[in-house]
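In: fold the following.
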Amino acid sequence: MSKYLLLYRGPATPMEDFTPEQSAEQMRAWGDWMGKVGSALVDGGAPFGQRTAVSDDGTSAAPSDQNGYTIVEAGSLDGARALTDGHPFLSEGKGRFTIEIFELTPM
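Out: Predicted coordinates for the structure are as follows:
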């Protein structure tokens, strides 16, 4: 089994901008997905807050629209991808949100 990093990319609304009802709905959806993933969930992750970026020439590049992560465990990259089935981050269905999946390999 390998660990995989799920990186969330897209124009997500910050949690502090949700109404209490929207926040509760989001938390329920994430809880449902995490329950479905079960023991494959290694680290539920967190949303990203403030950000900046630094280029190799020392300038400040524009940061990406990555906005959170989760770590899961699966037998293959396809298995990790299958764990995104029903993921709340992909619920909009308009192609604006993406989960990038990376295998975490030992150094």
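
In: contacts, neighbours, all on C-alpha from now
Out: Fine.

In: tell me which stretches of this structure form helices.
Out: In the chain, helices defined by DSSP state H lie at 20-37, 77-82, listed in chain order.

In: just the C-alphas of the shortest one, formatted as CSV.
Out: Extracted as CSV, the C-alpha positions of helix 77-82 are listed here (Å, rounded to 0.1, in the frame of the first residue of the first chain):
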residue,chain,number,x,y,z
LEU,A,77,-2.9,5.3,-8.3
ASP,A,78,-6.1,4.0,-9.8
GLY,A,79,-7.2,2.9,-6.3
ALA,A,80,-6.5,6.3,-4.9
ARG,A,81,-8.4,7.9,-7.8
ALA,A,82,-11.4,5.6,-7.0
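
In: among the helices of the chain, which is nearest P88?
Out: Nearest to P88 among the helices of the chain is helix 20-37 (5.9 Å), distances taken as Cα to Cα.

In: quick one: buried residues of stretch 2-21?
Out: Neighbour counts over stretch 2-21 (16 or more other Cα atoms under 10 Å) mark K3, Y4, L5, L6, L7, Y8, R9, G10 as buried.
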